[in-house]
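[1] here are the coordinates; sequence isn't available:
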Ligand SMILES: N[C@@H](CCC(=O)N[C@@H](CS)C(=O)NCC(=O)O)C(=O)O
């Protein structure tokens, strides 16, 4: 398998399926495309991805584009990796949380892009972004209370892959979760996402590149 990803410092959409792929333990190669180079970026990604966006996964003749679709494909191809839990209700909840991230939180995504190279600095976030943060804190607390942790559904899953870039944004822009709700379990969870060996590998490679 080959995964096409964008610049590791910035490409939050690439990080998510890359974490899931790592979790499967399957061998893969990486094709890294430098983002923010205009037509060059589009052309390079477009050589593999029909959307001309990263990420894309190539498995033989098959190309899967879009972060969530790649994660779902990996969950089906590698059932032993348990990228989703066995329990259908818990799985549906995890999918809801991942889809909520995939299709929403646009204020946070726009105002606080992933920037792993930046030193933490306090950003005065807009009311719209504050609303996104409140909702994320509420969701994390809800799911952690339901599962008992340490990850959203108990064991690490695709839902956690989807929120890992969010945790980097909270760190980079010094967003204190206690300013946006009951942050007890949520704060520790965000820190846990940033301490997984797979994320630390990605971060090291991002900062070296
Ligand atoms: N919905 C897509 C979004 C993919 C996306 O927006 N990728 C960005 C990088 S994070 C991209 O390829 N941008 C192209 C560019 O910067 O030219 C997904 O989930 O995979």
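    Received the coordinates, thanks. Every value quoted in this text rests on a predicted model; they were computed, and no experiment measured them.
[2] From here on, just use CA atoms for contacts and neighbour counts.
    Will do.
[3] For the residue lying closest to residue 205 once chain neighbours are set aside, give its distance to residue 181.
    Using Cα to Cα, 6 or more residues apart in numbering and skipping the chain neighbours, the partner closest in space to residue 205 is residue 8 (7.4 Å). As judged by Cα to Cα, to the nearest Å, residue 8 and residue 181 stand 31 Å apart.
[4] Tell me how far the longest helix along the chain lies from the chain's centre.
    Among the segments of the chain that qualify as a helix by DSSP state H, the longest is helix 127-147. Counting by Cα atoms, centre = their mean, to the nearest Å, helix 127-147 is centred 16 Å from the centre of its parent chain.
[5] next SSE after that helix?
    helix 158-172 (DSSP states H and E).
[6] C-terminal to that next one, what's the next element?
    helix 184-193.
[7] What residues sit buried inside that next one?
    Neighbour counts over helix 184-193 (16 or more other Cα atoms under 10 Å) mark 185-187, 189-190, 193 as buried.
[8] Show me the contact partners of that helix.
    137, 140-141, 144, 150-151, 160, 164, 167, 177-178, 199 (Cα atoms under 8 Å, 6 or more residues apart in numbering).
[9] Out of these, the closest to residue 27 would be?
    residue 199 (17.3 Å; Cα to Cα).
[10] contacting residues for that closest one?
    Residue 199 is in contact with 19, 193, counting by Cα under 8 Å, 6+ apart.
[11] try residue 172
    Listed by Cα under 8 Å, 6+ apart, the contact set of residue 172 reads 115-116, 118-122.
[12] So residue 123 lies in a helix, does it not?
    No. Under DSSP: H, G, I helix; E, B strand; the rest coil, residue 123 sits outside any helix and is assigned coil.
[13] Now the closest residue to it other than its chain neighbours: phi and psi?
    With sequence-adjacent residues excluded and distances taken as Cα to Cα, 6+ apart, residue 123 is closest to residue 173, at 5.3 Å. The phi/psi pair for residue 173 (degrees, to the nearest 10) reads phi -100, psi 10.
[14] Count residues in the vicinity of residue 173, would you?
    When neighbours are counted by other Cα atoms under 10 Å, residue 173 registers 21.
[15] Hmm, it is touching residue 129, no?
    No. The criterion here is Cα atoms under 8 Å, and residue 173 misses it with residue 129 at 11.8 Å.
[16] State the distance from residue 133 to residue 187.
    Counting by Cα to Cα - residue 133 and residue 187 are separated by 12 Å.
[17] So is the host helix or strand of residue 72 next to the ligand?
    Secondary structure assignment for residue 72, by DSSP H and E: helix 67-77. Yes. Part of helix 67-77 sits near the ligand under the criterion Cα under 6 Å from any ligand atom, namely 67-68.
[18] in the very next helix or strand once past that helix, what counts as buried?
    For helix 67-77, the succeeding helix or strand toward the C-terminus, using DSSP H and E, is helix 88-103. For helix 88-103, burial by neighbour count (16+ other Cα under 10 Å) applies to 90-91, 94-95, 97-98, 101-102.
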